[in-house]
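K.L.:
Provided below are the primary sequence and the corresponding predicted coordinates.
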Amino acid sequence: MTSKISNVRIVFPGEKLATGSIQLEAGRIAGIELHPVTGPAPLLTPGLIDLHTHGIGHNLYERSAQEIRKGAAVLPQFGTTCVLPTLYRVMNRESLEHLATLSDALPASMPGFHLEGPFLALPGAGAATIPGDLALLDELLRFNVRAMSISPDAVNILPVIKRLRERGIAVFMTHTRASAEQSEAAVAAGATHGTHFYDVFPIPAETEPGVRQVGAVEAILADKRVSVDFIADGVHVHPLAIKCALAAKTWAGVVLITDSNIGAGLPAGVHDTPWGFQVRVKAGDGARNAENGTLAGSALTMNVGMKNLLRWLDLPPEQVWAMGTLNPARVVGLARKGRMEVGADADLVLWDAELNPVKTWVGGELVYGKI
Ligand SMILES: [Zn+2]
C-alpha cells in the first residue's frame with residue numbers, strides 16, 4: 001500500500017528541519033521530496049522510542065500479555081511508536097513460563113524487553129538485587145531481550161556484561177553506588193549506557209573533610225563512549241542536571257525516557273494500582289502515593305518529555321528531537337527506527353502547533369488520528 005504525507009515540516013533528527021512531502025510504501029519510507037510549502041505546515045517527526053517504561057495507563061507490562069497488548073494500543077496517542085517494555089520483578093526461575101507468555105505477546109512496536117535487573121546492587125522501586133548468575137542469565141536470554149540494566153557494583157557482574165555483549169544485547173548501568181573503578185571496569189567489559197541517570201546513583205559520602213569523592217556518575221560522565229538517559233518530567237531530575245550531561249556528552253549522547261508506570265497518560269486524579277495503594281496523578285508531577293504523597297513512580301509520557309526538553313534546552317530542535325528518536329534507536333541497535341530516511345520504518349508522528357500528536361503511523365499504518 002502506498003500513501004503520501006504532503007506539505008509538512010520534516011524533522012531529520014540531529015540534522016535539519018526542512019519542508020516537503022514523504023512517500024510511504026510497504027511499511028517503510030519510500031521517498032522524501034523537499035520543496036517549499038505555503039502557510040503553516042504541521043511538523044512531521046519519526047515516532048518516539050522509549051527504552052525504559054514499565055507501563056502506561058492502567059497497564060503494567062510485566063503483569064500479563066493482555067496488558068502488553070492494551071499498552072501497545074494506547075501508546076500512539078502520545079506519539080510513541082516503539083518501546084522496550086521494562087520488567088523488574090519477574091526475572092527469576094519461578095517466572096520463566098510467565099516470561100514466555102509475555103515474550104510471545106510482543107507486537108512489532110515492542111522489539112524486545114528491557115530487563116531492569118535482577119543483577120542490581122540497589123533496589124530502587126522494588127527491583128531484585130542478586131549476584132551475577134550466568135545460568136539464570138541464559139534462561140532469561142531465551143526470551144526476546146534487547147537491553148539489560150545491571151549495577152557495576154553487583155557481585156560477579158563482569159561475566160554477565162560480557163555474555164550480554166556476546167549476545168548483542170545493550171548493557172545499561174543503574175541502581176548503583178559503584179566506585180569509579182568498578183564503573184570503568186563495567187564499561188571496559190561492554191556496558192555502554194546509564195539509565196535513569198542520577199536517579200538511584202547516590203552521591204558518595206565525604207570520607208575526609210575537603211576531599212570530593214567520585215563514583216559512577218563521574219566515571220560515566222567522563223567517558224565519551226557511554227550515553228545516558230533521563231526521566232524528563234522535572235521531578236526525578238532537575239533540568240540543570242540534564243544540561244550538565246549535555247555539556248559532557250553533546251546531544252548525541254543523551255536520550256529521553258519516561259520510566260513510566262501505572263498512572264502515566266491518565267487524566268489528573270486518583271487511580272488504583274496493583275500494589276495495595278492508590279496513586280494521584282497531575283500534570284507536571286510524578287505518580288504519588290495518594291495517602292502520604294511519596295513519589296511512587298513516573299507518570300511521564302514521551303510527548304510531554306519531549307515538550308519539556310524543547311522548552312528547557314537551548315539547542316536546535318532537530319537535536320532535541322534526536323533524543324527521543326535517533327539516539328534511543330542507536331543505543332539499542334534499531335537500525336531502521338528513529339530516522340527520517342528512505343528505507344527506514346514508516347513510524348511517524350504529525351504534531352499540531354501545541355506539540356500534541358495529531359496522527360501516528362506505525363509501520364506505515366495509521367494507528368492514531370483520522371485520515
Ligand atoms: Zn529503576
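P.N.:
Nice, I can see it. Residues are numbered from 1 along each chain as shown.
K.L.:
tell me the contacts of Val235?
P.N.:
284-286, 295, 298 (Cβ atoms under 8 Å, 6 or more residues apart in numbering). In short, each C-beta sits where N, CA and C put it, glycine included.
K.L.:
what does Thr19 give?
P.N.:
Applying Cβ under 8 Å, 6+ apart to Thr19 gives the contacts 7-10, 34-37, 41.
K.L.:
tell me the SS of it?
P.N.:
Here Thr19 is strand, with the state taken from DSSP: H, G, I helix; E, B strand; the rest coil.
K.L.:
From the contacts of Val235, list the buried ones, please.
P.N.:
285-286, 298 (16 or more other Cβ atoms under 10 Å).
K.L.:
Can you redo those as TSV, where the extra columns are distance to Arg69?
P.N.:
Below are these laid out as TSV (distance: Cβ to Cβ, whole Å):
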residue	distance to Arg69
Asp285	28
Gly286	26
Ser298	22
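K.L.:
of the residues you listed, closest to Gln77?
P.N.:
Ser298 (17.8 Å; Cβ to Cβ).
K.L.:
where does this structure have low pLDDT?
P.N.:
Residue ranges of the chain with pLDDT under 70: 1, 371.
K.L.:
Which parts of it are helices?
P.N.:
In the chain, the helices defined using DSSP state H lie at 65-74, 96-105, 134-140, 158-166, 180-189, 216-222, 239-249, 302-312, 317-322, 326-331.
K.L.:
Pro202 versus the most far-flung residue of the chain relative to its centre, what's the distance?
P.N.:
In the chain, the residue that sits farthest from the middle, by Cα atoms, centre = their mean, is Pro209; the gap is 38.4 Å. The gap separating Pro209 from Pro202 is 19 Å, by Cβ to Cβ, to the nearest Å.
K.L.:
got it, and Trp351?
P.N.:
38 Å.
K.L.:
Check the contacts of Val235 and tell me the two furthest apart.
P.N.:
Gly284 and Leu295 (13.5 Å).
K.L.:
just the buried members of the contacts of Thr19?
P.N.:
For those, buried by 16+ other Cβ under 10 Å: 7-10.
K.L.:
now, which of the residues you listed lie within strands?
P.N.:
Using DSSP state E, the members of these that fall in strands are 7-10.
K.L.:
which residues does Gly286 contact?
P.N.:
So Gly286 contacts 233, 235-236, 295-300 (Cβ under 8 Å, 6+ apart).
K.L.:
Let's test this: what are the backbone torsions at it?
P.N.:
Geometry field for Gly286 lists phi and psi as phi -80, psi -180, criterion degrees, to the nearest 10.
K.L.:
Next, find the distance separating it from Tyr198.
P.N.:
Taking Cβ to Cβ as the measure, Gly286 falls 15 Å from Tyr198.
K.L.:
any chance of the ones in strands among the buried ones among the contacts of Thr19 in a markdown table, plus distance to Glu97?
P.N.:
Below are those laid out as a markdown table (distance: Cβ to Cβ, whole Å):
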| residue | distance to Glu97 |
| --- | --- |
| Asn7 | 51 |
| Val8 | 46 |
| Arg9 | 48 |
| Ile10 | 45 |
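K.L.:
And the closest residue to Asn7 other than its chain neighbours, its phi and psi?
P.N.:
If the residues on either side of it in the chain are set aside, Asn7 comes closest to Val37, at 4.4 Å by Cβ to Cβ, 6 or more residues apart in numbering. Here is the backbone geometry of Val37 (degrees, to the nearest 10): phi -130, psi 150.
K.L.:
Val37 touches Ala18, doesn't it?
P.N.:
No. In this structure, Val37 is not within contact of Ala18 by Cβ atoms under 8 Å, at 10.1 Å.
K.L.:
shared neighbours, those two?
P.N.:
Arg9.
K.L.:
Now do Lys282: how many residues are near it, please.
P.N.:
Neighbour count of Lys282, defined by other Cβ atoms under 10 Å: 12.
K.L.:
What residues does it make contact with?
P.N.:
The neighbours of Lys282, taking Cβ under 8 Å, 6+ apart as the test, are Ala268.
K.L.:
number of nearby residues for Pro131?
P.N.:
Neighbours of Pro131 (other Cβ under 10 Å): 13.
K.L.:
should've said Leu96
P.N.:
15.
K.L.:
Contacts only, for it.
P.N.:
By Cβ under 8 Å, 6+ apart, Leu96 lies in contact with Glu139.
K.L.:
Next one: it from Thr325, what distance?
P.N.:
Distance of Leu96 to Thr325, computed by Cβ to Cβ: 34 Å.
K.L.:
on that earlier part again, among the helices of the chain, which comes closest to Ala30?
P.N.:
helix 326-331 (19.3 Å).
K.L.:
Flag every buried residue along that closest one.
P.N.:
By 16+ other Cβ under 10 Å, the buried positions in helix 326-331 come out as 326-331.
K.L.:
just these now: which is nearest Ser149?
P.N.:
Closest approach between these and Ser149, by Cβ to Cβ: Val331, at 12.3 Å.
K.L.:
Tell me how far Arg9 lies from Gly253.
P.N.:
Look at Arg9 and Gly253: by Cβ to Cβ, they are 26 Å apart.
K.L.:
my bad, should have said Thr81
P.N.:
Using Cβ to Cβ, Thr81 is found at 22 Å from Gly253.
K.L.:
Comparing the two, which shows the higher neighbour count?
P.N.:
More crowded of Thr81 and Gly253, by other Cβ under 10 Å: Thr81, with 29 against 22.
K.L.:
My guess is Gly369 contacts Val362. True?
P.N.:
No. If you go by Cβ under 8 Å, Gly369 and Val362 don't touch, sitting 11.9 Å apart.
K.L.:
more neighbours, these two?
P.N.:
Val362 (24 against 14).
K.L.:
show me the contacts for the more buried one.
P.N.:
47, 76, 81-82, 108-109, 347.
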